[in-house]
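Asks: sequence unknown, structure follows:
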């Protein structure tokens, strides 16, 4: 069956609150630089009170990825839970206005739309504290079979391993996708997520996953080793296709005996790394969905990552399709 | 009496929704490039539905100015009305986190926090459609005498001439300020505002105002002439101090027989002109409040304007105090 969508993603629907900070702020708040940690509502309010003025933009890892897919001219759908509040309005608008199908029922009478407080140090590194709010209420009923079965690739966040209800939604999506002969992709999301859910993640990757995206820290955490090459080889042996990003050192893509080292695209100044991995995934998954060569998919990912780290905010601010055409990639 | 604040500002408290757009979008929406127009809630919803994904940041002309004053290391207070909603929380946070005193009672049971949809064309020009929402409910009771009487300069937006209740608040503030021997400053805000309220504005400037800020289009509109020099001379004759900005042509500052032409600071790339006039006002008013020479005040304004047009968003993203010290201005 011809796919309706190149990529359908399921994720925690989160509004980002992005503010610059000094290194000393992270120390004072006891935050691990570059990590994502979950906070409850009271912690969120307290941290927000100490943060600098911010800008609010739609975020959420998989949400950022489908926004990137749409920017490449791809067809994308999103499943995620926001509340019936102002930030939920913003989230929905930001999806639909770029042509991403997004019809998950809004949450009423529960917690507010999720938000992630992202403190960005002068080197462009982002450190995230996320209050999951309404996003945690994504339930199996929200996983619409017609979306999942109509998508070339169904993409899932490792972050969804945290909330239990979302995890059931996740399992339902994986079952539907496989039954329909679709490919399932996952991102490991964060090294701490990998630590918390190593066994479940390994089981899912081995049993149900076709494509895995990870960064260097995550793949090392998955196999509990400091040896990147060993970890990458293990992941490669376990998956049909995988892509491992290494920041300015580029990325390694593997597919059976096929592999490629993809250099990072040059960036004038790294302003904010938020969304770098998400946009890499957008380019890579679009390339795979369209049947492009593995190395081309990797270069599309690198191109998208380079665009997003040059400005504040986790989603592209220019057309990735235009950039990719200029590079002769699509 | 020593002032508690360098500048206290009264304005429409507005959250900006900023999105890039093409020139064709402005044409299709019949929007006058570079202008601000008021829209009702239904129009706001319809326009938002057609806009690109945006970023939300605290805005509002006078609010941006006091944020700039604080960034210069000045002491500032703000009076403006937001609702008890999520965007109101954002607005309040963004003020208080930079040390601006902001205690106006939140609106409950009425319209939502005001928002301005700002479409930014590739040349960096912004075109604004503003839904005034809760901001219009600012009332005379919200004007706290201890704030007004404790501020070297009380700064008012021309935009406040539109909603009648705010206009009464405005008049109360002017009366209190003058009685306490404080200076009153106003910005003309927008050429269409000047057209709508020319008589009232002229009366206010002549009768109650010490400092006037305007751009070229606004001062021409005020005196219904295309002759810039003639309009500037008329404004100069009518005010103790005035500053007229002319984009990349710099600004003209006048104070009795004293005058100076201030060049614009160089900008690598104009990304978004939103807030340029507001930040000019921040530097200029801080300079005047501190008793610096007229030309220095103008250069502080030009410096702040140059910072803000280099990025999306109407408020400084780096410390203006640091920039000003590097230039030897403070």
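Replies: Perfect, thanks for sending it. The structure displayed is predicted, hence computed values, not measured ones.
Asks: what sits against residue A:195?
Replies: residue A:221 (Cβ atoms under 8 Å, 6 or more residues apart in numbering or on different chains). Every residue, glycine included, has its C-beta placed from N, CA and C.
Asks: stretch A:27-34 and chain B in contact?
Replies: No. Using Cβ under 8 Å from any Cβ of the partner chain, stretch A:27-34 stays clear of chain B, coming no nearer than 14.1 Å.
Asks: buried residues in that stretch?
Replies: Applying a neighbour-count criterion of 16 or more other Cβ atoms under 10 Å in any protein chain shown, one finds A:29, A:31, A:34 buried in stretch A:27-34.
Asks: out of those residues, the closest to residue B:234 would be?
Replies: Closest approach between the buried residues of stretch A:27-34 and residue B:234, by Cβ to Cβ: residue A:29, at 54.5 Å.
Asks: residue B:77 versus that closest one, what's the distance?
Replies: 28 Å (Cβ to Cβ, to the nearest Å).
Asks: state the pLDDT value of the residue nearest the centre of chain A.
Replies: Geometric centre of chain A, nearest residue: residue A:61, 3.0 Å, by Cα atoms, centre = their mean. Per-residue pLDDT puts residue A:61 at 98.
Asks: surely it and residue A:159 touch.
Replies: Yes. At 6.1 Å, residue A:61 counts as touching residue A:159 under the criterion of Cβ atoms under 8 Å.
Asks: tell me the helix or strand right after the helix or strand of chain A with the lowest mean pLDDT.
Replies: When the helices and strands of chain A are scored by mean pLDDT, DSSP states H and E, helix A:164-179 comes last with a mean of 90. Going down the chain from helix A:164-179, the next helix or strand is strand A:183-187, by DSSP states H and E.
Asks: between helix A:164-179 and that following strand, find me the angle.
Replies: Put simply, strand A:183-187 runs at 150 degrees to helix A:164-179, going by axes from the mean of the first three to the mean of the last three Cα atoms, to 10 degrees.
Asks: within the sheet, what are the partner strands of strand A:183-187, with directions?
Replies: Sheet pairing of strand A:183-187 (DSSP bridges) gives strand A:151-157 (parallel), strand A:211-215 (parallel).
Asks: tell me which of the ones you listed lies nearest to residue B:223.
Replies: Ranking these by proximity to residue B:223 (Cβ to Cβ) places strand A:151-157 first, at 59.7 Å.
Asks: let me know the average pLDDT across that closest one.
Replies: If you average the pLDDT over strand A:151-157, you get 97.
Asks: distance from the chain centre to it, please.
Replies: Between the centre of strand A:151-157 and the centre of its chain there are 11 Å (Cα atoms, centre = their mean, to the nearest Å).
Asks: how about stretch A:5-25?
Replies: With Cα atoms, centre = their mean, you get 8 Å for stretch A:5-25.
Asks: ok, is the helix or strand hosting residue A:116 in contact with chain B or not?
Replies: For residue A:116, the enclosing helix or strand under DSSP H and E is strand A:114-120. No. Judged by Cβ under 8 Å from any Cβ, strand A:114-120 stays clear of chain B, getting no closer than 9.1 Å.
Asks: how far does that strand sit from the chain's center?
Replies: Distance, centroid of strand A:114-120 to centroid of chain: 15 Å (Cα atoms, centre = their mean).
Asks: may I see the buried residues of it?
Replies: For strand A:114-120, the buried set under the neighbour-count rule, 16+ other Cβ under 10 Å, comprises A:114-120.
Asks: ok, then the element right after that strand?
Replies: In N-to-C order, the element after strand A:114-120 by DSSP H and E is strand A:126-131.
Asks: partners of that following strand in the sheet?
Replies: Sheet pairing of strand A:126-131 (DSSP bridges) gives strand A:36-38 (parallel), strand A:114-120 (antiparallel).
Asks: one step back: of all the buried residues of strand A:114-120, which comes closest to residue A:46?
Replies: Nearest to residue A:46, judged by Cβ to Cβ, of the buried residues of strand A:114-120 is residue A:117 at 10.5 Å.
Asks: tell me who's in contact with the closest one.
Replies: Residues near residue A:117 by Cβ under 8 Å, 6+ apart: A:17, A:19, A:39, A:44, A:47-48, A:51, A:54, A:128-131.
Asks: same thing but at 10 Å, please
Replies: Contacts for residue A:117 (Cβ atoms under 10 Å, 6 or more residues apart in numbering or on different chains) come out as A:16-19, A:29, A:31, A:39, A:43-44, A:47-48, A:50-51, A:54, A:127-131.
Asks: and what of residue A:81?
Replies: The neighbourhood of residue A:81, defined by Cβ under 10 Å, 6+ apart, consists of A:11-13, A:88, A:91, A:104-107, A:110-111, A:113-114, A:132-139, A:142, A:163, A:165-166, A:169.
Asks: ok but it is inside a helix, no?
Replies: No. Per DSSP: H, G, I helix; E, B strand; the rest coil, residue A:81 lies outside any helix segment and is coil.
Asks: find the nearest non-adjacent residue to it, please.
Replies: Closest residue to residue A:81 apart from its sequence neighbours, by Cβ to Cβ, 6 or more residues apart in numbering or on different chains: residue A:138 at 4.2 Å.
Asks: that neighbour is in contact with residue A:159, isn't it?
Replies: No. Assessed by Cβ atoms under 10 Å, residue A:138 is found out of contact with residue A:159, at 11.3 Å.
Asks: between these two, which one's more packed in?
Replies: Neighbour totals were compared for residue A:138 and residue A:159, and residue A:138 leads with 29 against 25 (other Cβ atoms under 10 Å in any protein chain shown).
Asks: for the residue nearest to the centre of chain A, give me its contacts.
Replies: A:9, A:11-12, A:14, A:36, A:116, A:155-160, A:187, A:189-190, A:275, A:277-278, A:281, A:314.
Asks: mind checking which of those are in helices?
Replies: Among the contacts of residue A:61, DSSP state H puts A:277-278, A:281 in helices.
Asks: got those residues as CSV, with distance to residue B:286 columns?
Replies: CSV is the format used below for the ones in helices among the contacts of residue A:61 (distance: Cβ to Cβ, whole Å):
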residue, distance to residue B:286
A:277, 42
A:278, 40
A:281, 46
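Asks: restrict those residues to contacts with chain B.
Replies: Counting by Cβ under 10 Å from any Cβ of the partner chain, the subset of the ones in helices among the contacts of residue A:61 that neighbours chain B is empty.
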